[in-house]
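In: next come a sequence and a model predicted from it.
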Amino acid sequence: MTPAGGRRSGGPLARKPALGDLYLGMISGTSADGIDVALVRFDPEPQLLLGRTYRWDDQLRNRLIELGQGGQATSLDELGELDVQVGQAFAHAAGRLITQSGLDRTQVRAIGSHGQTVRHRPDGTFPFTWQMGDGNVIAERTGIATVADFRRRDVAAGGQGAPLMPAFHAAMLHAPSEDRAVLNLGGIGNLTLLPASGAVRGFDTGPANALLDAWCERHTGQAFDAGGAFAASGQVDGALLDTLLGEPWFALPPPKSTGREQFHLAWVQAKLGKSGAAAADVQATLLELSAVTVADALRATQPDTKRVMVCGGGVHNPLLMQRLATHLSGITVESTQVHGLHPDYVEAMGFAWLARETLAGRPGNLPSVSGAKGLRVLGALYPA
């Protein structure tokens, strides 16, 4: 199965780059709303040449979401086949972007593919994380060297395996003049703390879009709450918000990470109990949960932050951005676009960057973020 159609685009292709100076990054995040693909040049300075998001096949997407929320596979055969299907979908997305760019595949030195997370258990008795999308399949179908499986080495070294973007954020957005933070509002929210001086830190804050999208789809049939309109039609339920905020995970200190297996509709339903709250009020409350948990986490970990740079799908939700600005009064809240990074493709660019680091033999993790025992070169290389 392969993605059908595309949405979101970024970055005109300014010129035909020199042979071999390009990298291509790909990711499908917690929301599994599409495969983000970014064609990036890093020399002499980072530049997004072209970005696209390609839709999943609906049947494949639904199965991946079900597994990501704790669903059980029917057999080992199903898992093996899904790994190949996801690899094929990523390879197809890479091929489409290269074709649309007008470039030759030989000009892309490597692909960095995150894959699709179906389970993330870094705190178990036998810690693991699993991102589907066989790198062998991607390399074989594209004819381009592929770096994949970025997270498991950090987990093997005692880390959370997430978030992985802080090293890229630090390289692109650090400023010695002020304490900054990068906020990714994907399915799960995560913060990168960039102090003017001192160690970079980062961690997940809790649900961002995953619950909002799932609740919206259940009650409106729409895959996401366009413009925050559904949430805006309701009122925050204070009692429900307090119940949601009582989830013990929110009180855990960093390093920490989470995913759909922790925050899903069954979790919301359990917190609702027999409450007769209107669907729109629940949506408004889930949006407030996303904003409050980010603000609380930032105040607790870097209280002197002057600027929050936001990326991910949530940047397009004006109500969510408004609530963040309200809870972060006195702090500049703005899109990463202000700093030259297209907010829809920061993570895809990050995995292109990580592939580059891997090929150069440089570490891609930050122990101050993940809790790993030390710096590690991330990912496995699948030659062309």
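Out: Nice, thanks for sending it over.

In: and the strands in this structure?
Out: All strands of the chain, identified by DSSP state E, fall at 6-10, 22-28, 35-41, 47-54, 108-121, 128-132, 146-148, 180-185, 188-194, 201-207, 307-311, 332-335, 380-382.

In: quick one: the helices in this protein?
Out: Assigned by DSSP state H, the chain shows helices spanning 58-68, 76-101, 135-142, 152-156, 166-173, 210-220, 229-232, 238-245, 265-272, 279-301, 318-327, 346-359, 367-370.

In: ok, Ala280 - contacts?
Out: Contacts here follow Cβ atoms under 8 Å, 6 or more residues apart in numbering; on that basis Ala280 touches 230-231, 233-234. (Each C-beta comes from the backbone N, C-alpha and C, glycine too.)

In: of those, buried ones?
Out: Neighbour counting with 16 or more other Cβ atoms under 10 Å marks 230-231, 234 as buried within the contacts of Ala280.

In: ok so, going back, what is the nearest of the contacts of Ala280 to Asp204?
Out: Ala231 (21.5 Å; Cβ to Cβ).

In: what's near enough to touch the closest one?
Out: Shown in contact with Ala231 (Cβ under 8 Å, 6+ apart): 212, 225, 280, 283-284, 286-287, 319-320.

In: pLDDT and distance to Gln59 added to the residues you listed, as a markdown table?
Out: Listed next are the contacts of Ala231 as a markdown table, based on pLDDT from 0 to 100; distance: Cβ to Cβ, whole Å:
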| residue | pLDDT | distance to Gln59 |
| --- | --- | --- |
| Leu212 | 97 | 23 |
| Asp225 | 96 | 24 |
| Ala280 | 98 | 29 |
| Gln283 | 98 | 26 |
| Ala284 | 98 | 32 |
| Leu286 | 98 | 27 |
| Leu287 | 98 | 29 |
| Leu319 | 98 | 32 |
| Leu320 | 98 | 30 |
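
In: now for those residues, which pair is the farthest apart?
Out: Most distant of those, by Cβ to Cβ, are Ala280 and Leu320, 15.2 Å apart.

In: need the phi and psi values for Gln222.
Out: Dihedral angles of Gln222 (phi, psi; degrees, to the nearest 10) stand at phi -90, psi 140.

In: surely it meets Trp215?
Out: No: look at Gln222 against Trp215 with Cβ atoms under 8 Å: they stay out of range, at 10.8 Å.

In: those two: which is more packed in?
Out: Higher neighbour count among Gln222 and Trp215: Trp215, with 23 against 12, using other Cβ atoms under 10 Å.
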